[in-house]
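Chemist: just to be clear, the model below is a prediction. Sequence and coordinates:
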Amino acid sequence: MNIMLEWFIGWIASNAFLHRKFLEYFCTWEFVWQFEKEGSISIEDLKTEVFGKHWQDETWHEVS
């Protein structure tokens with residue numbers, strides 16, 4: 001039983017963010033959290049530092 005549990009935990013650790021939709025969701029949620037809850041990022045920061053710097057980078061385009 002412990003061997004299977006260790007294998008499963010290792011698999012989760014190595015594949016947890018393999019799926020880009022999950023990665024996109026968690027990254028987006030972090031920006032929402034910083035903007036709404038912490039107030040550590042402003043709308044201008046989001047426009048210039050996040051969107052402005054990455055809008056042409058295809059790896060930042062929405063995952064379908």
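Modeler: Structure received.
Chemist: on the three-state scheme, Q34 is what?
Modeler: Q34 carries the three-state label helix when classified by DSSP: H, G, I helix; E, B strand; the rest coil.
Chemist: that one and S40 touch, don't they?
Modeler: Yes: applying CB atoms under 8 Å, one finds Q34 in contact with S40, separated by 4.9 Å. (Each C-beta comes from the backbone N, C-alpha and C, glycine too.)
Chemist: who has more neighbours out of the two?
Modeler: Neighbour count, other CB atoms under 10 Å: between Q34 and S40, Q34 has more, with 16 against 9.
Chemist: checking the residue lying closest to that one once chain neighbours are set aside next. Helix, strand or coil?
Modeler: Of all residues not flanking Q34 in the chain, I41 sits nearest, at 4.3 Å (CB to CB, 6 or more residues apart in numbering). Here I41 is recorded as coil under three-state DSSP.
Chemist: please name the residues that touch I41.
Modeler: Residues in contact with I41 (CB atoms under 8 Å, 6 or more residues apart in numbering) are F31, Q34, F35, E49.
Chemist: check which helix or strand covers the first one.
Modeler: It refers to F31. Element membership for F31, per DSSP states H and E: helix 20-32.
Chemist: run the chain-centre distance for that helix.
Modeler: 3 Å (CA atoms, centre = their mean, to the nearest Å).
Chemist: same thing with stretch 51-62?
Modeler: 14 Å.
Chemist: now do stretch 48-62
Modeler: 14 Å.
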